[in-house]
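1. Sequence isn't available, so here's the structure alone:
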């Protein structure tokens, strides 16, 4: 079984944006909210058209997904997490995104 599930519903995104805790850096914005429904981690990735064309948006999503895949075993279960790509995300290396993501999740108290 996968360690994390996708967030697909717009109502879930809106709930996490409204009630969740947030951390911001130049590369990534992270929203976290504890869910009471599951023992799994649910993640959503958002990239707007401000980032660039489809190639840049897809690269940003790939880099974020890969960084979270490396962090997933050390993340506590029972959380909904949304990652929002910023303008710098498609241009930085995945190690920079990994570093920023791990720091933000540590500050939010989600890492084990």
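-> Nice, I can see it. Values in this document were obtained by computation on a predicted structure and should not be read as measured data. Numbering: from 1, shown residues only.

2. can you count the residues close to the nearest residue to residue 108 once chain neighbours are set aside?
-> Leaving aside its sequence neighbours, residue 108 sits nearest to residue 32 (C-beta to C-beta, 6 or more residues apart in numbering; 4.7 Å). For the C-beta atoms, the positions are set from N, CA and C on the backbone; glycine is no exception. Neighbours of residue 32 under the rule other C-beta atoms under 10 Å: 20.

3. Residue 32 in helix, strand or coil?
-> Here residue 32 takes the strand state, with states given by DSSP: H, G, I helix; E, B strand; the rest coil.

4. If it is in a bridge, with which residues?
-> Counting by DSSP bridges, residue 32 is bridged to residue 21, residue 81.

5. Next up, the contacts around it.
-> Listed by C-beta atoms under 8 Å, 6 or more residues apart in numbering, the contact partners of residue 32 are 16, 20, 21, 22, 79, 80, 81, 82, 105, 108, 110.

6. Residue 45 is in what secondary structure piece?
-> strand 41-46 (DSSP states H and E).

7. show me where the chain has strands.
-> Along the chain, the segments classed as strands by DSSP state E run 4-6, 21-24, 28-34, 41-46, 79-85.

8. residues of the strand holding residue 45 that come out buried?
-> Buried residues in strand 41-46, counted by 16 or more other C-beta atoms under 10 Å: 41, 42, 43, 44, 45, 46.

9. Now render those residues as TSV, adding distance to residue 90 and pLDDT.
-> Output for the buried residues of strand 41-46, formatted as TSV (distance: C-beta to C-beta, whole Å; pLDDT from 0 to 100):
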residue	distance to residue 90	pLDDT
41	24	90
42	24	93
43	19	95
44	18	97
45	13	97
46	14	96
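
10. mind giving me a markdown table with those and columns for distance to residue 73?
-> Formatted as a markdown table, those follow (distance: C-beta to C-beta, whole Å):
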| residue | distance to residue 73 |
| --- | --- |
| 41 | 10 |
| 42 | 16 |
| 43 | 14 |
| 44 | 20 |
| 45 | 19 |
| 46 | 24 |
